[in-house]
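# Here is the input, now give the coordinates:
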Amino acid sequence: MELSVVKDCELERYITEIMLDLGVPAHLRGYHYLREAILLSGRDMEVVSSVTKLLYPTIARRFRTTDQKVERAIRNAIEVSWNRGNVKTFERMFGYSVLSGRARPTNSEYIARIADMIRLEIKAM
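Below you'll find the model as predicted:
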């Protein structure tokens, strides 16, 4: 099954579950930007290779803000989840966590890993 076949609401619900499990607080602006980034990346992985030229501007237009604010809000949401989130989930998804002493994943690593995981799980259905 392809990602384009899955209904948007189902896909958003699935992404939301993963983000909440990772500890991304829903009250942060970056939460909404991050969910949109994962959704867009899941449909077209090419946008992850060009986050500053494609991904952030697309999200900024949708939410009527700037690319810089989108990038900063996503970075903040990832930082908060990295420090407060479920360590076991990070270990499972990324292979490391805050406990291993490694730095948090970059915005593009975080987005790409979750989007890729979702694509693989949906294909397996």
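# do you know how far the residue nearest the centre of the chain is from residue 99?
By CA atoms, centre = their mean, the chain has its centre lying nearest to residue 111, at 3.8 Å. Noted for residue 111: a distance of 22 Å to residue 99, by CB to CB, to the nearest Å. In this view, the C-beta of every residue, glycine as well, is placed from N, C-alpha and C.
# quick one: the helices in this structure?
8-22, 29-43, 56-63, 67-84, 87-94, 107-123 (DSSP state H).
# Out of those helices, which one sits most buried?
Ranked by mean neighbour count, the helices of the chain are led by helix 29-43 with a mean of 22 (mean count of other CB atoms under 10 Å).
# Residues contacting that one, please?
3-4, 8, 11-12, 15-16, 19, 24-25, 47-48, 51, 55, 58-59, 62-63, 70, 72-78, 110-112, 114-115, 118-119 (CB atoms under 8 Å, 6 or more residues apart in numbering).
# circling back: and the helices of the chain as TSV, adding mean pLDDT?
Below are the helices of the chain laid out as TSV (pLDDT from 0 to 100):
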stretch	mean pLDDT
helix 8-22	88
helix 29-43	94
helix 56-63	97
helix 67-84	96
helix 87-94	90
helix 107-123	89
